[in-house]
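S.K.: predicted model and sequence follow; I will ask about them next.
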Amino acid sequence: MTESAALLAVLLPAAAAVFGLLTKRSWAADWAVLGSAGALIAAIAELTLVSTDGPVSSIGLLGSAQLGSITIGLDLRSDQLSAVVAVMVALVALCVQIYSTAYFQGEGTAETPTRYRAYAATVSMFTAAMMLVIHAGDLVLLLIGWEVMGLASYLLVGHHSERAAARAAAVKAFLITRTGDIGLVLAVVVLIAGAGTTSIAELNRAAAENEIGHGTAVTAVLLLLAAVVGKSAQFPLHTWLPDAMEGPTPVSALIHAATMVVAGVFLVARMLPLFLTAPGALQIGAVLASVSMVGAALAALAQTDLKRLLAYSTISQVAYMLAAVCVASDRELGSGDPVGLAAPGVAHLLSHGAFKALLFLAAGCVVHIVGSTALADMGGLWRTHRSLAVLFGIGLLGLAGVPPFGGFWSKEAVLGAAEEAAHAGTWVGWMVLVAGVATIVLTGLYAGRAWSIVAMGRTQLSPAPHHLPAAMVFPLYLLAVPSVAFGVLLLWPPEVLHGLHIQPGTAITGALLAICAVAAALAAPRLGTADIATALPARAQTVLLDAFGFDRVIRVLVVRPVFWLATVVKAAEHDVIDAYVRATGPTTTIAGKLLRLAQTGLASAYAAWVFVGAVVITVAGMALV
Amino acid sequence: MTGTGYTWLLPVLVLLPLAGALVLLAVPLLSDRLAAWIGTAIGGVTLLLSLLAAFVTWDRGFGRMQLQARTDWISALGLEASLGLDGVSTPLVLLTALLAVLTCLHLTRAEPDRLLVVCVLTVTGGAIATFTALDLLLFFVAFETVLIPMWFVIGVWGDGRQEGQPANAAARFVLYTAAGSAVMLLGIILVITRTGTSDITELIQRGGAGLSATTQTVAAVLIVIGLAVKTPMWPLHTWLPPAHTIAPTTGSVLLAGVLLKLGTYGLVRVAVPILPAGMANVAPWLGGFAVTGIVWAGLACLVERDLKRLVALSSVAHMGFVLLGVASMTPTGLQGALFANIAHGVVSALLFFVVGALKDRQHSSDLQQLGPGLRDRMPRLGWLLTFGAVAGLGLPGLAVFWGELLAVAGAWQSSGLGMLNRPFAVIAAAGTVIAAAYWLRVLRVLWQGRPEPGQGPDATRHETVTMMPLVLATVGLGLVPGPLLGATAGVVRLLLPGGGAVP
């Protein structure tokens, strides 16, 4: 039963993608919604079954592949971690699919076609790929889902491919994540050579029992970390995520909440026993997460575009999850229970999934009403669309971590983990704790800022209220439930979240800081500036808006040298390598002309050549003998 | 089943396309289109027979030579016509037969020509003979048979919009590869004279016994250079882009799907098992050239303006992975090389069909003239191009990925490459990012963007039918790599010294 549920969770969205493309155009929406609804039902069934019957270690999917001396089983697995995340993914996917049926209405114009059919199929493929990552029992199978997700994000970010910015963002998203993905490919290669297996369960077991050589483990973990950093949009491979806002808004909800960026964190949680064998790598991960957490929150503070603001908040929030799993080796719990050690990160992954999807879908409604994504064009939502404003506010409160909303509990669990590590006396714990607390303040500030600009502020709308289609509003309510009530889950936590410890000290501090920060941002309009970001010095605003100019650094250090090299190669191909080939023609001609000089036609000259030849042969013969 | 049944299969597989070619050549009354249909039928029968052969070979075990057929050919030279099939050759025979059907089917509508069909069938027969030959000289003769019809294809049916280009490209192709073959022949003769036999199975069994390390190295260098021209290996690749650019679609597909496979097949069948000590000396160099080729061709693709040339250059990068797998001299690497070989055949054949269809519409293969906005203008062709590009960049879940992964894995654990094994593996892996970069560039210029109104029709039903088998094969090989990997898993151990044990 568990087997079938897990298989269906993966295969239903995949089938929806195929059939959506192959059958009638008018059925595209039905396939898309049915596929994700089916996946949700399958995932819930899987969660129930797994909780009662226990995990299933091997579910045949694509057979096995014999490589050299090892056999790779391309099988699925199902346990509580996969089931819980699958439910969240399927829920968000279903919301996105329902929302999209209204978001993309009609065929569009010749200038801006909606291309709904391709869109819906790609979203289904995206969901299937994420489900594959979650359920993969083998690292190679995970890699397949991992990269298909990259392709889906490329197609979706560049969905409005008539826009140059969308094209550029799509390429950027794919190339940066693929650069990180070399890490995953090479990690597979290293593990094939060093550990003789790529089965996740087998690797975790071998790692826990110290059977994997230290060199192999450290190399593999560092390589995996590169892939995680790329996929989860962490510093220094983060720049694709804000640009990916060029994609349609529901796609952003999908990428930021349920798929793609959380896949990286999921991978660390899934392979935590292996990661624990290389604490140094986890420390590097914690440093990168701390940098991303604070840096992205600072950048979010000054954004002038609602979607970009939310994008930076994603980088910052995903950094919380990554930091939570990266302090695992420094916590007092020791290496005893990898599930418990991963729990804070997983908890934040789940609660973030709900409120971030809610935020993006609500932002999509706002954009639908206003017709622009710029914060400057928004305002007065509270007066014109109160229920939408409330939903948007719920998302923001979750993001800011104000109790009792979902984000509060999971964020405090993360801080609790960091505090544990700090108490154990490690610098990593302190660093994450300080970064986490600082980010709470920053998050409160930008969340409050977003609210005061979008919901309060001056109304810039025409008095006639825009009507929102039901298909766009319904998913918001659906997502608001877990955003508000995530804390209830912690009263009766599933096994996978058993390791959560919320420390009263950090929790109260965190809650107070979050509330104060939000209040400060909300009070700002009363103090004269509608937007607290304008209180920053102009110089700082530009730097933050530009996210510290990191894009330019990459352009100078990577993009330009590569293109310069490509030009050199092209020239060398013609002028060096091919020059030899072209030279053979003239050389032969010249050689022929030279040799023709010997053909004088004089018998005496030929006789002389014969004589010379005979002498040479004789001398050579004597010398050799 | 015992080992004696079905011995007629391989000779028929070789002779059927050749006989078909002779008949078509001899009957000038046939209309071009009818000739193409007859060619398709012959190709279809060949495909069915090779499926039967594959089944029988699978049934009896891919590890050993199956369906062996021997007969004296030129007794004065001690030359035997002996054929056989194992896990290395079976997939290649299937690929050749499949491409024969598809190219002939393509010829029934586009550019139909009786003599072109003759050339296709000759190439098919010659290639199947090469893949099944168990005698070194027969291997060489079959290898060369393919050359001449291909020369005609490029020279006669080449894109003649630029004066003298087809003749130039064809001459370059034939002289370059003939020069390579001459060098290879020297190596083959050296092996035969020193060992006194030209029987490949026996030579594989000896595994280099009776040949000094020096002799092996000299022979390996000669044979590898000859095969590397055909593969092609950087820096011996400059015949390939012009040949592909000028050749008609049929020619490009055969060139990429069949001809390039001859070189790598030769490396695996001849160089690696017969001259192990020599290959041990050559392998680091081969690996170095392979990796250079991956990066070099990738970078060249980044700034290439002609789509056909770009696909050709990307072939050089793909074959770099194949060569790296061979150079690793490990079972994993060799399996990767053989997988990548098939995957490249399928994917680049698909890409050349797509590019050919685009070129037919725009009468140019210049990126600027073909684009932009293909996804809106010609959705079907656009998606086929996107699929080909995505497969070409080695997306996991599609065919090319497995070959690349295994080649890199082989290089990583190779002891034959010495200190350079891991650097090579890392550089090759980085090459996949370059591949992503140039394919996305193509899609950005061609597939995306605002369409300009009023350009050619979308893919016809006929074109879609021609390309679909390749799409399905790409997905099938990518999602279920087990069977193909299983076919090669056992046999590569027999080809490697010491059973391919990795220390």
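M.R.: Thanks, I have it.
S.K.: how about the residues of the stretch 101-250 of chain B by chain A?
M.R.: Counting by CB under 8 Å from any CB of the partner chain, the stretch 101-250 of chain B comes close to chain A at B:172, B:176, B:235, B:238-239. Heads up, the C-betas are built off the backbone N, CA and C, glycines and all.
S.K.: farthest pair in those?
M.R.: Taking every pair in those and measuring CB to CB, the maximum separation is 14.9 Å, between B:Arg172 and B:Pro235.
S.K.: tell me which of these two has more neighbours.
M.R.: Shown here are B:Arg172 and B:Pro235; by other CB atoms under 10 Å in any protein chain shown, B:Arg172 has more neighbours (22 against 19).
S.K.: what helix or strand is that one on?
M.R.: Following DSSP states H and E, one finds B:Arg172 within helix B:165-195.
S.K.: show me which residues of that helix are buried.
M.R.: B:165-166, B:168-170, B:172-174, B:176-177, B:179-181, B:183-192, B:195 (16 or more other CB atoms under 10 Å in any protein chain shown).
S.K.: now do stretch A:471-486
M.R.: A:471-473, A:475-476, A:478-480, A:482-484, A:486.
S.K.: pipe the residues you listed into JSON lines and attach pLDDT per row.
M.R.: As requested, those are exported to JSON lines (pLDDT from 0 to 100):
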{"residue": "A:Ala471", "pLDDT": "83"}
{"residue": "A:Met472", "pLDDT": "85"}
{"residue": "A:Val473", "pLDDT": "84"}
{"residue": "A:Pro475", "pLDDT": "87"}
{"residue": "A:Leu476", "pLDDT": "88"}
{"residue": "A:Leu478", "pLDDT": "86"}
{"residue": "A:Leu479", "pLDDT": "86"}
{"residue": "A:Ala480", "pLDDT": "87"}
{"residue": "A:Pro482", "pLDDT": "85"}
{"residue": "A:Ser483", "pLDDT": "85"}
{"residue": "A:Val484", "pLDDT": "84"}
{"residue": "A:Phe486", "pLDDT": "82"}
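S.K.: tell me the one of those nearest B:Pro17?
M.R.: Of all those, A:Ala471 has the smallest distance to B:Pro17: 58.3 Å, by CB to CB.
S.K.: what segments of the chain are strands?
M.R.: You didn't pick a chain, so chain A it is. A:56-67, A:70-78 (DSSP state E).
S.K.: my question was about chain B
M.R.: Under DSSP E, chain B gives strands at B:66-74, B:79-85.
S.K.: count of neighbours near the nearest residue to B:Ser414 once chain neighbours are set aside?
M.R.: Once flanking residues are discounted, B:Ser414 sits nearest to B:Ser328: 3.8 Å by CB to CB, 6 or more residues apart in numbering or on different chains. If you count neighbours by other CB under 10 Å, B:Ser328 ends up with 33.
S.K.: which ones are touching B:Ser328?
M.R.: Contact analysis of B:Ser328 by CB atoms under 8 Å, 6 or more residues apart in numbering or on different chains lists B:283, B:287, B:334, B:407, B:410-411, B:413-414, B:416-417, B:421.
S.K.: what distance do you get for it to B:Ala21?
M.R.: Distance from B:Ser328 to B:Ala21, counting by CB to CB, to the nearest Å: 38 Å.
S.K.: what is the burial count for the residue of the stretch 401-503 of chain B found nearest chain A?
M.R.: The stretch 401-503 of chain B approaches chain A most closely through B:Gln448 (3.4 Å), counting by CB to the nearest CB. Using other CB under 10 Å, B:Gln448 has 28 neighbouring residues.
S.K.: stretch A:554-565 - what's its average pLDDT?
M.R.: Stretch A:554-565 carries an average pLDDT of 84.
S.K.: with stretch A:111-130 instead?
M.R.: Mean pLDDT, stretch A:111-130: 87.
S.K.: using PDB, write out the CA atom coordinates for that stretch.
M.R.: Listed next in PDB are the C-alpha coordinates belonging to stretch A:111-130 (Å, rounded to 0.1, in the frame of the first residue of the first chain):
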ATOM      1  CA  GLU A 111       2.200  39.600 -28.800                       C
ATOM      2  CA  THR A 112       1.900  37.900 -25.400                       C
ATOM      3  CA  PRO A 113       0.500  34.400 -25.800                       C
ATOM      4  CA  THR A 114      -0.400  32.700 -22.500                       C
ATOM      5  CA  ARG A 115       0.800  29.200 -23.700                       C
ATOM      6  CA  TYR A 116      -1.200  27.700 -20.900                       C
ATOM      7  CA  ARG A 117      -0.900  24.100 -22.000                       C
ATOM      8  CA  ALA A 118       2.900  24.100 -22.000                       C
ATOM      9  CA  TYR A 119       2.800  26.000 -18.800                       C
ATOM     10  CA  ALA A 120       0.500  23.500 -17.000                       C
ATOM     11  CA  ALA A 121       2.400  20.500 -18.200                       C
ATOM     12  CA  THR A 122       5.700  22.000 -17.100                       C
ATOM     13  CA  VAL A 123       4.400  22.700 -13.600                       C
ATOM     14  CA  SER A 124       3.200  19.100 -13.500                       C
ATOM     15  CA  MET A 125       6.600  17.900 -14.600                       C
ATOM     16  CA  PHE A 126       8.200  20.200 -11.900                       C
ATOM     17  CA  THR A 127       6.000  18.600  -9.300                       C
ATOM     18  CA  ALA A 128       6.900  15.100 -10.500                       C
ATOM     19  CA  ALA A 129      10.600  15.900 -10.400                       C
ATOM     20  CA  MET A 130      10.400  17.300  -6.900                       C
END
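S.K.: with that, I have no additional questions.
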